[in-house]
Every structure is written in structure tokens, then in C-alpha cells.
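In: predicted model and sequence below, questions to follow.
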Amino acid sequence: NNVEELDVEGVTEEKLLETKSHKRLSKITIALILIALFLFVVALTLTLALVLTRSTQTKDDTKLLNMTINVLQLQNYTKEIVSYTPRMPGSRGGIATQNMFSRILSRYKRWNVEYDNFEENTPGLGVLNFTNIVATYNRESRGSAQANKALVISAHFDSQFQTFDNSFQGATDSAVPCAMILQFLDLFEDMMNFYNKEPNYDLRLIFFDGEEATRIWSGTDNTYGSRHLASLWESQNKLSNIDLFILLDLIGTADVRFPNFSIHFRSGSKAFERYEELATIETNLRQENAIGRQARYFNGLPGGYVEDDHIPFMNRGVPVLHLISDPFPMVWHSPRDNYDSLDWRSIQDIQKILFEFLQGHLFK
């Protein structure tokens, strides 16, 4: 009996030791599980916070975009410009358009406005007075990466020398592009307030006079304003710091589309990249259902050679992005190129794409 009792006691002690060992292992296992669960919760929380932050940033950018594309403002600017018909160099309509631009530009105190006045003999109308208007925003502080670099947005404001009982409005050619540039003043202010910092580049807005021919487009009977300003800036060493020269033309009807003209430019590499960037922006906006038209604006097709106000700058080595509809709008150089022919959905779409492009280069 004593032996049996000892055996029982021995077995009992062994089981007790085994039980205690299992308990210790269970506690360690539970502790490890709790630590792993805690780390998982922390990682999940950080991931959600990052996603929410990115979502908020995207929402803010979209909110800014939607708030600042003001179609009514574009319409009012365009209506006023086409009311000054015709807008030939030195004409009453041309001078009234210049006064309109001066009035609007005077509201923006940080912008410096210059007038490039000159006269030139033309084959169609003799000596004419021309005026280019240049508005420049110079940064107060400049980072080393883009020191002294400038971004240029331009269009011509004169209208073609047509009879049409002096009723040719030139709505797409180029009242709408001028209205879009005028709206960039407000868009720029919104971007400055939103990002609360100076832009990455200086910004120059150019309104060219005398793009149209006085008789027939040939030789030097065209692009009077851009030829004069490009020559002037070359003598003043103001061309070398232009990072990109954007020219808007023939924008406003539903059939507008922009081919890629960069294959013709000596500065083709940068121009090609910028065009591709605009095409990508259009794709992204379409995915967000922020574009109204089904057909693409930046279709990626190679464009033919089109003479316009960018040529004098391109020939001097300035990187240019020529945004002109090609084929030309069906209303081109006809009485139908008027306010009633305009498609505001397309105009708003293009302004959205350009605004997103400028946002990226000026502030991001």
C-alpha cells in the first residue's frame, strides 16, 4: 500500500509539473497573440489614416477645380470681346479690347502690365499701329530649381480683316482663348490661396495683336505682334528663361481637337512630354466623370505644320506647346464664327484640363 501511494503521489507531481508548464506556454502564446493583434490594429489604423489623408487631398483638389471653373465668367468675358467687332489693329474695336484687358488686369495688384506698342507697314492697309499686352507675375521668392524660369500662356485678340459688314466676331479666333486666359487670373489667385505659397515659375500672359493677315497669309503679312515681341525679348535676353510657351487658338466649338504638333519643333522633347501630360490629365478627368464630351480633345495624332504666333518664339529655341484645333473648326473665317456657335461644355472641359496642368506645374 505504501508503495502504491508513493507511485500515485509521483504521478500526481508529474502531472502537476506538466500542467504548470502548459499554463506557462499558454500565457506566452496568448501574450504573443495579443501583441500581434495590437500591431495589426496599429498597422490598420495607420493605413486607414493614410488612405483618408490621400482621399481628403484628392477631394480638396477636385473641390478647388470645380469651384473655380466659372462658365458664366467665361461667357461674360467672351461676350464683351466679340462685342468689339471688328478688332483689327488700330481700329476702334481693337482699342476697346485693349482697354477691356487693361481694366481687368488692373484688379490684380501683383501683376505687372506692359504694352508693346509699334507700327509697321502692311501690304493690305499700309502703316498700322499694333499693341501687344503682357501681364507678368514675378515671384517674391524663387527656389533654386526653377530660379528665373517662366511659364507663358498666349493668344491673339485681333480679328480677321473681313467684310461681312464689319460683323465678323472671331469667337473661336480668338475671343474664347483670350477669355480663358483672363479667367486664369482668378484661377491663379485661387491656387495661391489654396496652396499658400509662391508658384514654382513666374507667369506671363500675352495678348498678341496683328496675328491675322491684312491681305493674304503669306510672307510677313501675318503674326505682326508675335514677331515683334519675340525679336524684342531676344534683344532683352527674356527668351532663355521661358520654360514653356503655350499658345491657344481656334477654341470654342464642339468639334475642337488638339493633335500633337511637337514632331515639328526643335524643342520637341519637352513639348511632346507636355502634350502627353495633358492627354493623361484628360484621361484621369474622364475617369472621374469630370469631362462632358465623349470624343477626346487630346487625341495623340500627329498634327500638320500650322503657322501661328508660336513660330517666332519656336524659331528662337523656345519650347512651345501649340494648342490649336486641327482640322480647323467648320466656322473658321466665316460669319458663323460667332458667339452662338460656341459649345460651352467643350470650353469648360478644356479649361479644366489646362487648369489641372497649370496647377501641377505652378504649385505641386
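Out: On my side now, so go ahead.
In: surely R87 is in contact with Q98?
Out: No: using C-beta atoms under 8 Å, R87 makes no contact with Q98, being 9.3 Å away. C-beta coordinates here come from the backbone N, C-alpha and C atoms, glycine included.
In: list residues touching both of these two?
Out: Residues touching both R87 and Q98 (C-beta atoms under 8 Å, 6 or more residues apart in numbering): F157.
In: of these two, which one has the most company?
Out: R87 (28 against 19; other C-beta atoms under 10 Å).
In: list phi and psi for that one.
Out: Dihedral angles of R87 (phi, psi; degrees, to the nearest 10) stand at phi -120, psi 40.
In: tell me the buried residues in stretch 82-93?
Out: V82, Y84, T85, P86, R87, M88, P89, G90, S91, G93 (16 or more other C-beta atoms under 10 Å).
In: and what of stretch 105-121?
Out: In stretch 105-121, counting by 16+ other C-beta under 10 Å, buried: L105, W111, D116, F118, E120.
In: what's the first-to-last distance across stretch 313-328?
Out: End-to-end distance for stretch 313-328: 22 Å, by C-alpha to C-alpha, to the nearest Å.
In: so what touches that stretch?
Out: By C-beta under 8 Å, 6+ apart, stretch 313-328 touches 172, 226, 230, 234, 239, 242-251, 253, 255-259, 261-262, 265-267, 270-271, 274-275, 303-304, 306, 308, 310.
In: mean confidence score for the helix or strand containing F188?
Out: Assigning secondary structure by DSSP states H and E places F188 in helix 176-195. In this model, helix 176-195 has an average pLDDT of 95.
In: just how off-centre is that helix within its chain?
Out: 10 Å (C-alpha atoms, centre = their mean, to the nearest Å).
In: what's the helix or strand hosting I353 packed up against?
Out: Here I353 sits within helix 344-362, counting by DSSP H and E. Helices and strands touching helix 344-362, by 3 or more C-beta pairs under 8 Å, 6 or more residues apart in numbering; DSSP states H and E, are helix 2-68, helix 71-83, strand 150-156, helix 176-195, helix 268-287.
In: let's see 10 Å
Out: Applying 3 or more C-beta pairs under 10 Å, 6 or more residues apart in numbering; DSSP states H and E, we find helix 344-362 packed against helix 2-68, helix 71-83, strand 150-156, helix 176-195, strand 202-208, strand 242-249, helix 268-287, strand 320-324.
In: report how many residues lie close to the nearest residue to L203 once chain neighbours are set aside.
Out: Distance criterion C-beta to C-beta, 6 or more residues apart in numbering; nearest residue to L203, sequence neighbours excluded, is Y137 at 4.4 Å. Neighbourhood size, Y137 [other C-beta under 10 Å]: 21.
In: what sits against Y137?
Out: 108, 110-112, 150-151, 185, 188, 192, 198-199, 201-205, 362 (C-beta atoms under 10 Å, 6 or more residues apart in numbering).
In: and the contacts of stretch 287-298?
Out: Residues contacting stretch 287-298 (C-beta under 10 Å, 6+ apart): 58, 62, 65-66, 69, 251, 254-260, 275-286, 323, 325, 343-346, 348-350, 352-353, 356.
In: just the buried ones among those, please.
Out: Of those, these count as buried by 16+ other C-beta under 10 Å: 65, 69, 251, 256-260, 275, 277-279, 281-282, 285, 323, 325, 343-344, 346, 348-350, 352-353, 356.
In: taking the buried residues of stretch 82-93, tell me the two that lie furthest apart.
Out: V82 and G90 (18.8 Å; C-beta to C-beta).
In: where in the stretch 151-300 of the chain is pLDDT low?
Out: In the predicted model, the stretch 151-300 of the chain carries pLDDT under 70 at residues 162-165, 263-268.
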